[in-house]
Every structure is written in C-alpha cells, then in structure tokens.
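Visitor: Sharing a sequence plus its predicted fold:
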Amino acid sequence: MGDSWRGPEEGVHDAGGGATVGLMNDKQHILIVEDDPVTRALIAAYFEQEGYLVSEAENGAQMWAQLDITRTDLVLLDINLPGEDGFSLTRALRIRSDIGIILVTARKEDVDRIVGLELGADDYVIKPFNERELRIRVKNLLRRTRKQRAEEEAAITRYQFKGWTLDTERRRLTTPEGVHIALTNTEYLLLSAMVRKPDRVFTRDQLLEAISSRDWTTNDRTIDVMVNRLRRKLSEHSNTRMLETVHGVGYRFVVDDS
C-alpha cells in the first residue's frame, strides 16, 4: 500500500517504506466507491469542479486496486455494494489505515449509522444529500486528517534509508559507518524535504519553496547546484545514486534498490 496506509512509527521512520512513485501533487485525492454509475458520475464531477483529484470504483475489488496504485486522502463509500458491502470494507480500511471514510448511503436507520461509525467511519451521509453539505463534510474531514498527519510527521525525529540516518532534531546526517556528514542549512533543508517524501518527484519550484529564505534570492540554478553538492557528499560514502534527475521536471530521492 502507499504511504497513506501506514502511520509513521513515532520517533523513527524508514524512508524506504512503501512510498508511491509519481509526480508530487498538492491536490487532495478522493475515491468514490459507488455501484450506481449515475450517482458516482455526479459526485465525481462535482468534486472535480471543486478542485479535487477524483477516482472511481464500483465495488470493493476496484476500491482495493485503486488504493494500491494511488495515494488517497478520503473514501466516499456506499454501503449497498455488490459482493463485500460498505460495512465490511469500512472495517478492513480502518484496520489498515487512518484514511478518511464517509459512508454515503440510502440507509436511514439509526442502527446503520451507529454500526458504520462503530466500525470506524468518520461520518455518515444519507442519500439524497445536499451537494454543498457533502462538500463541507469532506472539507472538514480532510482538514482534520491533514492536521493529524502533519502532527505525526512532526513527531518523527529520525529518518533511515539504506543504512543512513537523518536526525531532524539535531540536524545530523550519519553514514552507514557512523560518520557524521556536515551539512549547510540549505543542504539540510533540501535533503529533509526529499527524505520525508521518498521516491516522489519534486519540481524545482517545490524544492525552491522548501529551501528559500527571505534573506536571499533563489532560482532554478540554485537547486541544481545544491543537489550536485549534496550528491557529492552522499557519493563519498555510498556507491548508490540516491538523488535522481527527472529530466524536464526536477529531482527524486530514490530509496528503492530495484
């Protein structure tokens, strides 16, 4: 599963753990699991117009397939689905991750709402629903989950990759042999930004934002120079190329040896 599926271990994070490879995108991603194609298309169109990335699935098998290939922030899940129903899927989702779950269903009984929430759903919306109300519920839940993930990430003080350790509390980079590598402030900011999102492509603009200071002006050439300096420091203690150039886009911190 992708990195939305596992909360980080407090204090230490293995940067090689299951990151989704792809171009980094700041848009939040919603997966709609609904067997009625008309309802599914209407919900998808609405949230796409609101600026979200949207994927669709008509049953549990398609939902799992989507989650395996795409980082997902929230699932809008019907209960009455062919095969495995929404209650069973909610239980399985909650065991695997802290992903946001909103049950969107025609079931109006209080017992269904209670069961859904007890199984781990974050919210319960009854069809037919007001689109604006659903949008607000989605927005509020995404705000809460994003804040929670940010707090979890902030709790990590050490990132480990290929035997190396980056201690963000001490701002110290250590080789597999235990040698401490001196980093400038800019090199540290650049490396820590990429280590937090391994195997994702960063554009130069995204890296500029990560290292920029009000005291000096940066540009695309600055990023290229910093990456090359960081590469040299890493290559002195490793034969593996960890900072990969993605031509026409930017750079990726590679942790997969395959």
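Guide: Yep, that arrived.

Visitor: Please name the residues that touch Glu131.
Guide: By CB atoms under 8 Å, 6 or more residues apart in numbering, Glu131 lies in contact with Tyr46. (Each C-beta comes from the backbone N, C-alpha and C, glycine too.)

Visitor: and stretch 56-64, which residues are buried?
Guide: Glu56, Ala57, Glu58, Asn59, Gly60, Gln62, Met63, Trp64 (16 or more other CB atoms under 10 Å).

Visitor: same check, this time on stretch 157-164
Guide: Going by neighbour count (16+ other CB under 10 Å), the buried part of stretch 157-164 is Arg158, Tyr159, Gln160, Phe161, Lys162, Trp164.

Visitor: Show me what the third one bridges to in the sheet.
Guide: Read it as Gln160. Gln160 has these beta-bridge partners by DSSP bridges: Asp14, Thr165.

Visitor: Quick check: which ranges of the stretch 151-258 of the chain have low pLDDT?
Guide: 151-156, 212-220, 256-258 (pLDDT under 70).

Visitor: Confirm for me that Asp78 is in contact with Leu89.
Guide: No. Assessed by CB atoms under 8 Å, Asp78 is found out of contact with Leu89, at 9.4 Å.

Visitor: shared neighbours of the two, anything?
Guide: Val33.

Visitor: in the buried residues of stretch 157-164, which two residues are the furthest apart from each other?
Guide: Distance extremes for the buried residues of stretch 157-164: the farthest pair is Arg158 and Lys162 at 14.1 Å, using CB to CB.

Visitor: Would you pull up how far the helix or strand where Glu244 lies lies from the middle of the chain?
Guide: Assessed by DSSP states H and E, Glu244 sits inside strand 243-246. Averaging C-alpha positions (CA atoms, centre = their mean, to the nearest Å) puts strand 243-246 20 Å from its chain's average.

Visitor: Name the strands paired with the helix or strand just after that strand and say parallel or antiparallel.
Guide: On the C-terminal side of strand 243-246, the closest following helix or strand by DSSP H and E is strand 250-253. Strand 250-253 pairs in its sheet with strand 200-203 (antiparallel), strand 243-246 (antiparallel), by DSSP bridges.

Visitor: ok, and which of those has the densest surroundings?
Guide: The highest mean neighbour count among those, using mean count of other CB atoms under 10 Å, belongs to strand 200-203: a mean of 19.

Visitor: Can you pull the poorly scored residue ranges out of the stretch 1-150 of the chain?
Guide: By pLDDT under 70, the low-scoring segments of the stretch 1-150 of the chain are 1-26, 149-150.

Visitor: ok, which stretches of it are strands?
Guide: 12-14, 22-23, 29-33, 53-57, 74-77, 100-105, 123-126 (DSSP state E, counting those that start in this stretch).
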